[in-house]
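*Asks:* Return a 3D structure for these sequence lines:
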Amino acid sequence: MKSIKTAGILAFLLLGTVTAFSQSRKTESTKGVEQSNGKTIQVDGVGHTLNYSLNGGNVEVSGGDNTVTVKGSARKISVSGTGNKIYIDKVDNVAIEGGNNTVYYRTSGTKSGKPNASLTGVGNKVVKQ
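*Replies:* Numbering: from 1, shown residues only. Predicted coordinates:
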């Protein structure tokens, strides 16, 4: 009887811990930090592979070799560092600093159909998929 009661208490505590951590989209690791609040996605560090949904907010990626996939749209994507890849359905503005960063997009809300782009550095690209 005592072991059943102990197992029940442990299950309850574990469920509460999992629920608390699932509510937060902030992760800290040796790779860096990633955070999303529904309006802004922030990724900082090295080697993240992350997926998000966004409707009209901003995406900020810094560091190296991060792969970020965003379902939905962003007003602006800002990228700094090297070797980052961002995949998004729709974006209006892109600012990239650093080297060999690529933003892949499907559509843009601008008149030209291409996002407004500011590229500083070497090998940075904005590519329509």
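*Asks:* Pull up the pairing partners for whatever helix or strand Q42 lives in, direction included.
*Replies:* According to DSSP states H and E, Q42 maps onto strand 40-46. Applying DSSP bridges, strand 40-46 is found paired with strand 32-36 (antiparallel), strand 49-64 (parallel).
*Asks:* could these be laid out in JSON lines, adding mean pLDDT?
*Replies:* Shown next, in JSON lines, are these (pLDDT from 0 to 100):
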{"stretch": "strand 32-36", "mean pLDDT": "69"}
{"stretch": "strand 49-64", "mean pLDDT": "95"}
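*Asks:* Show the contacting residues for V126.
*Replies:* Residues in contact with V126, defined by Cβ atoms under 8 Å, 6 or more residues apart in numbering, are 94, 96, 102-103, 105, 114-115, 117, 119. All C-beta spots, glycine's among them, are computed from the backbone N, C-alpha and C.
*Asks:* hmm, back to that, if you average pLDDT over the strand holding Q42, what comes out?
*Replies:* Per-residue pLDDT values across strand 40-46 average out to 94.
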